[in-house]
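Engineer: sharing a sequence plus its predicted fold:
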Amino acid sequence: MVPTRSLTMPPLLAAILTIFLFQLGGEVLSRLAHLPIPGPVIGMVALAAGFVASPRLLELVRPVAQVLLGHLSLLFVPAGVGIVSQLDVLRDQGLALGAALVVSTLLAIAVGAVVFELVARATGNRPPEGAERQK
Amino acid sequence: MIEAAQIWSYLTQGPLVWLAVTLTAYLIADWCFRATGRAPWSNPVMVSILIVGSVLLATGTPYRTYFEGAQFVHFLLGPATVCLALPLYTNLGHVRRAALPMIAGLLAGSVTAVASALAVAYALGVRGNVLASLAPKSATAPVAIGISERLGGEPTLTAALVLLTGIIGAICVTPMLNALGLRDWRARGFATGVAAHGVGTARALQVNETAGAFAGIGMALNAVLTGIIAPLVLHLFQ
C-alpha cells in the first residue's frame, strides 16, 4: 500500500483495493471458521485495528470511507425495494406484522438506551466531552 | 412507437436504466430530506423505496429484473460496512471505556427486540414460517436472512421486515429518545444500532458522529447475538 517513487498506485484505487481486501479477508475468515459474524463486520473490526497500527492506512482510506458513509442510505435502496415482491403477504398479515415491528423496534431502542445509560451511571461511566446532545 | 417499445425493452434488460432510476430516486429523496430540515419522517431510504417501487409497479417490471441492475449499488453495502471502521476508530477511546454499559444495553435491546416482536405478532394471529421470518428482523440483512433460513422462515420476507424495522427505527428514534430525555449520544446510537441495524446506523451518522460509531458497534454485536437469541425465543412460541 505504500506508494514508492518508482511504482506508484493512484491513492483512490489503492484505497478501494484496501477496503475490498479487508472485506475479502473477513469473508474468508467467516466461512473458514464457521463464524456467525458476517465477513464485512470482521473486515470493519480488522480495519479499525489497522488504523490503530498505521496512521498512513487511515489517511489512505479516509476519503473513500467518508464518501461511502456519507450516502449510506442509498445503499439500502435496492434491497428495500424488495418489499414490492412481498405485497401479498403484507396485504394479508400486514397489520399484525406492522404492529409487531413498530412496538418491538421502539421498545428495543428505548430499553437498550435506558439500560445503557443506567449501567453507565451506576459504574461512574460519564459520557465524554462533546458527546452530550447539543441542542 | 414500436421502436420506442423496443428500445425500452432493450434498455430494461441492462443495469443502466435501473441504476439511473435508483440514483435519481435517491437524489430526489435526499433533496426532500434537506428541504424538510432533515425531518425524521422524510427518511431518504423510505422515500427512495417509495419512488423506485412506484416506477416498478407502473412499468410492470419484476423485482428480479430491477435487482439485476441495482445489485451494483447493493454490492457497496459490504465495503461501506468495512468503512464503519472509520467512526469506530475515531471513537475508540469512548468505546473502550463503555464496555459494561454496551454489554448490558446489547442484551436488553436484543432480547426485547426478538421477544416483543414475536409476542405481538403471535397475539395477533401470526404463526408458522411468517413468525420465523420475523424473529431475526433486528439483525443486519445478510445475517437475518441466514438465521431466517435456518429457522424455516422466508428469506425475501425477512429482508422486507428487516428494512421496515430499520426505517421505523430511523424515523422514530430521535423524537422518542428526546421525549425520554436521554442525552448520552453513546446510549442513543448504540441502542439504535442494536434494534435498527444499518438503516438506524445511517440515521445515527446523520445526527452525531459518536452516535454513529456506537450504532455501528451495536449493529455488529447484535448480528452475532441474534443468531443465538432468535431460535431460543422462537422456540417459546412454537
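Structural biologist: Ah, there it is. Numbering: from 1, shown residues only, chains lettered A, B, ... in the order given.

Engineer: of all the helix elements in chain B, which one is longest?
Structural biologist: Ranked by number of residues, the top helix in chain B under DSSP state H is helix B:209-236.

Engineer: got the buried residues for that helix?
Structural biologist: B:209-227, B:229-231, B:233-234 (16 or more other Cβ atoms under 10 Å in any protein chain shown). All C-beta atoms are positioned from the backbone trio N, CA, C, and that covers glycine.

Engineer: residue of chain A nearest chain B, please.
Structural biologist: Distances between chain A and chain B by Cβ to the nearest Cβ are smallest at A:Gly112, namely 2.7 Å.

Engineer: test my guess that that residue contacts B:Ala195.
Structural biologist: Yes. Counting by Cβ atoms under 8 Å, A:Gly112 touches B:Ala195, with 6.1 Å between them.

Engineer: all strands of chain A, in order?
Structural biologist: Under the criterion DSSP state E, chain A carries no strands.

Engineer: what segments of it are helices?
Structural biologist: With DSSP H as the criterion, chain A has helices spanning A:11-32, A:39-53, A:55-70, A:77-80, A:87-122.

Engineer: what about B:Asn178, neighbour count?
Structural biologist: Look at B:Asn178: counted by other Cβ atoms under 10 Å in any protein chain shown, it has 13 neighbours.

Engineer: that one and B:Gly212, how far apart?
Structural biologist: 17 Å (Cβ to Cβ, to the nearest Å).

Engineer: swap in A:Gly94?
Structural biologist: 31 Å.

Engineer: give me the common contacts of A:Gly112 and B:Ala195.
Structural biologist: Both A:Gly112 and B:Ala195 are in contact with B:Gly109, B:Thr112, where contact means Cβ atoms under 8 Å, 6 or more residues apart in numbering or on different chains.

Engineer: what's next to the helix or strand of chain A with the lowest mean pLDDT, contact-wise?
Structural biologist: None of the helices or strands of chain A scores lower by mean pLDDT, DSSP states H and E than helix A:77-80, at a mean of 89. Defining contact as Cβ under 8 Å, 6+ apart, one finds that helix A:77-80 is touched by B:22, B:25-26, B:45, B:48-49, B:52, B:66-67, B:70-71, B:73-74, B:77, B:141, B:159, B:163, B:167.

Engineer: got a quick PyMOL command for the buried subset of the residues you listed?
Structural biologist: The following PyMOL line selects those of the contacts of helix A:77-80 that are buried, judged by 16+ other Cβ under 10 Å:
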select buried, chain B and resi 22+25+26+45+48+49+52+66+67+70+73+74+77+141+159+163+167
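
Engineer: just the ones of the contacts of helix A:77-80 in helices?
Structural biologist: Mapping the contacts of helix A:77-80 onto helices (DSSP H) picks out B:22, B:25-26, B:45, B:48-49, B:52, B:66-67, B:70-71, B:73-74, B:77, B:141, B:159, B:163, B:167.

Engineer: could you report the neighbour count for the closest residue to B:Cys32 other than its chain neighbours?
Structural biologist: Counting by Cβ to Cβ, 6 or more residues apart in numbering or on different chains, B:Cys32 lies nearest to B:Ser42, which is 5.0 Å off, once chain neighbours are set aside. Neighbour count for B:Ser42, taken as other Cβ under 10 Å: 18.

Engineer: walk me through the domains of chain B.
Structural biologist: With domains defined by automatic domain parsing, chain B comprises B:2-75, B:82-237.
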